[in-house]
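1. below are the sequence and a predicted model; questions follow.
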Amino acid sequence: MKKIKLLFKNESTFIALGFGSGLSNVAPGTFGTLVAIPLFYFSQLLPQYYDYFFVITLFFIGIYVSNKTCLIIKIKDPSCIVIDEIVAFLALLIYFKPDMIELFVCFLLFRFFDIFKPFPINILEQKFDGGFGIMIDDIAAAIYSALIMIVLIQYVL
């Protein structure tokens, strides 16, 4: 299936593919992660604490659209699905509300943990299938990133 046809196949694929960012030939996960930045600034327009509801809702939407897109593509965890990166990085940004330097460090940490998947992230990726499996390992990468950021903010930044 051609990329552009896949993107506009239905609403689920459009969202799962990160509005097209997941169709990048180079580093689709990185481009997907970047989509979270404007969503973060949008979430800051919401009343306080609604941003947490926003990201939790997106997590469940991510499970659904990832499942549906996997069925269409017929691949277990295709790299073009980037809603997982978007939601996990958005959660990280909402938690820290970073300045520009902190945002850059969050981005580097998140991409590191998402790419290399240290224990137990690698176990989560293997244990769970479908949309939940796609989403949960990136949430774990965001948690690892958050733990490192807490230390960095406390002692370095």
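-> In hand now; what should we look at? Keep in mind that this is a model prediction, so the values were computed, not measured.
2. what residue is smack in the middle of this protein?
-> residue 85 (1.7 Å; Cα atoms, centre = their mean).
3. mind checking the backbone torsions on that one?
-> With angles defined as degrees, to the nearest 10, residue 85 sits at phi -60, psi -40.
4. for the lengthiest helix in the chain, packing partners?
-> In the chain, taking DSSP state H as the definition, the longest helix is helix 130-155. Contacts defined by 3 or more Cβ pairs under 8 Å, 6 or more residues apart in numbering; DSSP states H and E place helix 130-155 against helix 50-73, helix 83-96, helix 100-116, helix 121-127. All C-beta atoms are positioned from the backbone trio N, CA, C, and that covers glycine.
5. now do it, average pLDDT.
-> The pLDDT scores in helix 130-155 average 96.
6. before we move on, what about stretch 44-59?
-> Per-residue scores along stretch 44-59 average to 91.
7. coming back round to it: pLDDT at the residue nearest to the centre of the chain, what is it?
-> pLDDT recorded at residue 85 is 98.
8. can you tell me how far residue 63 is from residue 135?
-> Between residue 63 and residue 135 the computed distance is 5 Å (Cβ to Cβ, to the nearest Å).
9. for the two, work out which one has more neighbours and name it.
-> Neighbours per residue (other Cβ atoms under 10 Å) separate residue 63 from residue 135, with residue 135 holding more: 28 against 20.
10. how much space separates residue 111 from residue 12?
-> Taken as Cβ to Cβ, the span from residue 111 to residue 12 is 25 Å.
11. kindly report the same for residue 36.
-> The spacing between residue 36 and residue 12, counted by Cβ to Cβ, is 19 Å.
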